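Colleague: predicted coordinates and the sequence they were generated for:
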Amino acid sequence: MTSDPVPGSPAQPAEFDGILLLIGRLNYTWTNTESLLLHLIAGLSGTTKDVAVVIFLTLNTTRARVDLVERLAKMPHQAPAERDAVLGLTKGLMKLSGARNRYNHCIYAFDPDGGPPKSILMRIADRKDEIRMGQTVDLDATAIANIAQSIDDLARINQEIWAHIARFGYPR
């Protein structure tokens, strides 16, 4: 197995360009949807969108942004329906973070014999008495379908967040 092939070489299947476009779409859809958290921050904290943008950009991880939104939703003054709706939205978003992380924190390898390209996760998994590294996933039809489904799920959550923003009158 080799990594970093020369574009157009036999070791790089033509379908890989399509896979890269799909992963790019996953990243775009994720970023676009994550940015909606700033509207939730503004609405739940009772501040302006401009202030929420500063808060959003100051928190440099998705987890920190989601934690803030969830904590604001759990404040005693929040209506239970509003709180529960926000927690459902953040739960759905975080459920999809695994797919996004998988394809953002990996390198790609190609089979010179024409097999499917692979993603190699660039993360160390600490276990009780060992570590694991380099988990691989074939970028086959199943992986492509999973990426496409993640994109569809993110688009649905994006629409649900916009509906929530409108329903509760959060700053746009």
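Modeller: Great, that's in hand.

Colleague: A85 in helix, strand or coil?
Modeller: At A85 the chain is in helix, as set by DSSP: H, G, I helix; E, B strand; the rest coil.

Colleague: mind listing what's buried in the strand or helix carrying I161?
Modeller: Assigned by DSSP states H and E, I161 belongs to helix 141-168. Residues 143-144, 147, 150-151, 153-154, 157-158, 160-161, 164-165, 168 are the ones in helix 141-168 that count as buried (16 or more other C-beta atoms under 10 Å). To be clear about C-beta, it is placed using only N, CA and C from the backbone, and glycine gets the same treatment.

Colleague: the spatially closest residue to I157 that is not a sequence neighbour and R156, how far apart?
Modeller: Nearest non-adjacent residue to I157, counting by C-beta to C-beta, 6 or more residues apart in numbering: G92, 5.0 Å away. In this view, G92 and R156 are 8 Å apart by C-beta to C-beta, to the nearest Å.

Colleague: name all residues that make contact with the residue of the chain positioned farthest from its centre.
Modeller: In the chain, the greatest distance from the average C-alpha position (C-alpha atoms, centre = their mean) is reached by D113, at 32.2 Å. If you count contacts by C-beta atoms under 8 Å, 6 or more residues apart in numbering, D113 has none.

Colleague: in a strand, it, correct?
Modeller: No. Per three-state DSSP, D113 lies outside any strand segment and is coil.

Colleague: does K74 touch E82 like I think?
Modeller: No. Judged on C-beta atoms under 8 Å, K74 makes no contact with E82 at a distance of 10.7 Å.

Colleague: tell me what the helix holding I161 is packed against?
Modeller: When contacts are defined as 3 or more C-beta pairs under 8 Å, 6 or more residues apart in numbering; DSSP states H and E, helix 141-168 sits against helix 15-34, helix 37-45, helix 80-95, helix 97-104.

Colleague: what residues are up against W162?
Modeller: L36.

Colleague: actually T136, not the one I wrote
Modeller: Counted by C-beta under 8 Å, 6+ apart, T136 has contacts A109, K118, S119, I120, L121.

Colleague: show the pLDDT at it.
Modeller: Note on T136: pLDDT of 89.

Colleague: any idea how far R102 is from it?
Modeller: Remark: distance between T136 and R102 (C-beta to C-beta) = 11 Å.

Colleague: common neighbours of the two, please.
Modeller: S119, L121.

Colleague: nearest to D67 among the contacts of T136?
Modeller: L121 (24.0 Å; C-beta to C-beta).

Colleague: ok, the residue nearest to the closest one when sequence neighbours are not counted - contacts?
Modeller: Once flanking residues are discounted, L121 sits nearest to Q135: 4.4 Å by C-beta to C-beta, 6+ apart. By C-beta under 8 Å, 6+ apart, the contact list for Q135 reads I120, L121, R123, A125.
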